[in-house]
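# Would you be able to build a 3D model of this:
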Amino acid sequence: MNTSKKDMSAKDFLQELAELLKSEPSFVSSDEHLLKNYVTERALALDPKLIKLLRKDKRTFERFFKKVDDIVIFDRDSFVRFLNLKDFLPDSYTAFEQKIGLATSNGGLLSKDESVVLNWPYKDCVLEGDMRREGEPRDEVFYNNTLAPDEVDRLLEPKVLTSFKRYDKKGEHSVTDFVRDGFGVIGDNIIIRGNNILALASIKQEFVGKVKLVYIDPPYNTDNDSFAYNDSFNHSTWLTFMRNRLMLAKELLTDNGSIYVQLDHNEIHYCKVLMDEIFGRDKFQREIIWHLNTAAGFKTIAKNWVRDHDSILFYSKGPEVVFHELYRDYSDEYKARFKKADKNGRKYRDDRGSGVRQYLDELKGIRVSDVWNDVMSFQQAATAKEYLKFAGQKPETLIQRIISASTNPGDLVLDFFGGTGTTAAVAQKMGRRYLLIEQIDSQVEKIVGRMKKVLKGDDEGISKEMGWTGGGSFVYCELKENNERFAKRIRFAESKDKLARIWKEMRDSAFLSYRIDPAVIDDHAKDFAELSLSDQKRFLDACLEKNHLYVNLSEIDDSEYAISDKEKGLNQKFYKTHFS
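Presented below is the predicted three-dimensional model:
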């Protein structure tokens, strides 16, 4: 009897908390559902509005606040864990998930050391689920996939590569071999389509300690990056997502190599702490401010300082780092001041404070600082020929500056958030080698199309400055899909009928998660049918065993995958160390 009363009391409190939170309009969706993910994020931000709401109720005050002397402390971690209990306002999907047995064991914070986050929506994705505002529409939406340590089996083993093609200014050719340098390392430029953490793990043995520069422009984790159905909260998951990839990137860098990570205010400071941990606080070189010069329109509406910059974190792998001083031309105003001072016979103190009289043509120019206000964004130059109407695209001049400062001709540059291929385009024109990784099909098409033009001698971006007339080549290849082919079909399915057909095929030929029993799902077919199209997609995606998204190299001879002798030979030549 006492246990029953205790259980009833707990359920009463859950309901009371839900009603209390729903009393704040910003915590509720248009259809009267509590936005649990949003409330979680407000708790992590120590939102005064949320704290005042919880303090005014006696039971929530006793549960989530502690008193130390005369100071009242909000126990936000306890509150967050409570919000994510599976019994707290389960939606139709969660209820179905619990019936099937796919629900995770708890809603605690993700361990940054052990979990692996496979996917994250990119900067131009739409919002689903608990939407706060609309973003730009996109063709492909990724659900966040987080694997706990006991779920990671063969995930990070090298994958079979397929669909090899070589491109040069004459067009597309078949691949018969790879160019290797004097040290036996692949010297070809490589573009890989596939999940970036799995691609990084695949190329690690071949390119470990060979990359001179990593530049990445990852998802910024803004509202437009938010994904549906966050298992706990997106800030923690984003940090885990980044840590997984930064750890691999560090291994690939040379001892004197550099990494540049571009973000905005949403995660830049957390990312710095993360990179301090991975690379060492003493390896932090600079935080570069890219002044966007776009303080107009909606940005000026906010009752706050107008935000008008991105940040770029610059770290080295070791104590020694390749770095070349860069200079930019003097402005007309600067030249006029200099000439006036010289005409009057006065020493002119330049930006370095030397006070030495020179004539201008003897100086290299103004030394580039860590504030870049001379590189135009596409919001300023929307008609630029290189602009591909992609929200996250960066100008070639921005990447040129980074490559110029931190590499020498012939060095290897890595970008594993390929986007529109700007890093590859600039590296090609500057005589650097490159490795580019991109997962989204529509972006891969943009990259290959752009690079074909570059090889033929485009006149866009930095081409004129570099005297670029074309030349060179790159090799394109893909991670050979296994469960990933089902994941794609799920993302693009337009009806429940199509999803039902996909499920039948999955049941017969996909690698399904050990946590589900197909027979149990079929027994609850009616419950599944009542889920929304989006929830059905989410569930079927969760049923796929993520260790089998792509075909492992160790299974290249398995007849089930029908890998040709030619592709086997090319994999052997690419993964030379694995076959020696």
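# which SSE is Leu21 in?
helix 2-22 (DSSP states H and E).
# Quick one: mean pLDDT for that helix?
Here the mean pLDDT over helix 2-22 is 69, rounded to a whole number.
# what residues go with each domain of the chain?
Taking automatic domain parsing as the domain assignment, the ranges for the chain are 2-89, 116-145+482-570, 327-366.
# Now do the first one: distance to the chain's middle.
Think domain 2-89. Here domain 2-89 is found 31 Å from its chain centre; the criterion is C-alpha atoms, centre = their mean, to the nearest Å.
# Which elements pack onto the host helix or strand of Thr237?
Under the criterion DSSP H and E, the helix or strand holding Thr237 is helix 234-252. Judged by 3 or more C-beta pairs under 8 Å, 6 or more residues apart in numbering; DSSP states H and E, helix 234-252 is in contact with helix 36-44, strand 116-117, helix 196-207, strand 211-216, strand 253-263, helix 268-279. In this view, the C-beta of every residue, glycine as well, is placed from N, C-alpha and C.
# Export the first one to PDB, keeping only CA atoms.
Output for helix 36-44, consisting of C-alpha atoms alone and laid out as PDB, is shown next (Å, rounded to 0.1, in the frame of the first residue of the first chain):
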ATOM      1  CA  LYS A  36      10.900  19.400 -23.600                       C
ATOM      2  CA  ASN A  37      14.100  20.000 -25.700                       C
ATOM      3  CA  TYR A  38      13.700  23.700 -25.600                       C
ATOM      4  CA  VAL A  39      13.000  23.700 -21.800                       C
ATOM      5  CA  THR A  40      16.200  21.600 -21.400                       C
ATOM      6  CA  GLU A  41      18.200  24.100 -23.300                       C
ATOM      7  CA  ARG A  42      16.800  27.000 -21.200                       C
ATOM      8  CA  ALA A  43      17.800  25.100 -18.100                       C
ATOM      9  CA  LEU A  44      21.300  24.600 -19.300                       C
END
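# just checking, what packs against that helix?
Helices and strands touching helix 36-44, by 3+ C-beta pairs under 8 Å, 6+ apart, are helix 48-55, helix 76-83, helix 234-252.
# Quick check: pLDDT value at Ile312.
Per-residue confidence (pLDDT) for Ile312: 98.
# quick one: contacts for Phe416?
Listed by C-beta atoms under 8 Å, 6 or more residues apart in numbering, the contact set of Phe416 reads 196, 199-200, 214, 216, 245, 249, 435-437.
# switch the cut-off to 6 Å
Listed by C-beta atoms under 6 Å, 6 or more residues apart in numbering, the contact set of Phe416 reads 196, 200, 437.
# between those, which is nearest Tyr575?
Of all the contacts of Phe416, Tyr575 sits closest to Leu200, with 14.5 Å by C-beta to C-beta.
# Need the helices and strands packed on helix 36-44 in CSV (columns: distance to Ala405 and mean neighbour count).
Compiled in CSV, those are given as follows (distance: least, C-beta to C-beta, whole Å; neighbours: other C-beta atoms under 10 Å):
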stretch, distance to Ala405, mean neighbour count
helix 48-55, 43, 15
helix 76-83, 41, 18
helix 234-252, 18, 21
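# Tell me how many other residues surround Ile563.
18 (other C-beta atoms under 10 Å).
# And it, its phi and psi?
As for Ile563, its main-chain torsions (degrees, to the nearest 10) stand at phi -80, psi 130.
# For the remainder of this discussion, apply numbering that starts at 2.
In the new count, where the first residue is 2, that last one comes out as Ile564.
# And the pLDDT for it?
Per-residue confidence (pLDDT) for Ile564: 97.
# Distance of the nearest residue to Ser24 once chain neighbours are set aside relative to Ile74?
Of all residues not flanking Ser24 in the chain, Leu54 sits nearest, at 7.2 Å (C-beta to C-beta, 6 or more residues apart in numbering). Between Leu54 and Ile74 the computed distance is 17 Å (C-beta to C-beta, to the nearest Å).
# for Ser510, same thing?
Distance check for Ser510 against Ile74: by C-beta to C-beta, it reads 54 Å.
# how big is the angle separating the helix or strand where Ile438 lies from helix 235-253?
Element membership for Ile438 (DSSP H and E) is strand 434-439. Between the axes of strand 434-439 and helix 235-253, defined by axes from the mean of the first three to the mean of the last three C-alpha atoms, to 10 degrees, the angle is 150 degrees.
# So which residues make contact with strand 434-439?
With C-beta under 6 Å, 6+ apart as the contact definition, strand 434-439 has outside contacts at 190-193, 197, 200, 413-417, 419, 425, 428, 445.
# Can you flag which of those residues belong to strands?
Within the contacts of strand 434-439, membership in strands is found for 191-193, 413-416, as judged by DSSP state E.
# In JSON lines: these, plus distance to Glu531 and neighbour count.
Output for these, formatted as JSON lines (distance: C-beta to C-beta, whole Å; neighbours: other C-beta atoms under 10 Å):
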{"residue": "Ile191", "distance to Glu531": "47", "neighbour count": "25"}
{"residue": "Ile192", "distance to Glu531": "43", "neighbour count": "23"}
{"residue": "Ile193", "distance to Glu531": "40", "neighbour count": "26"}
{"residue": "Leu413", "distance to Glu531": "53", "neighbour count": "26"}
{"residue": "Val414", "distance to Glu531": "50", "neighbour count": "26"}
{"residue": "Leu415", "distance to Glu531": "46", "neighbour count": "27"}
{"residue": "Asp416", "distance to Glu531": "44", "neighbour count": "25"}
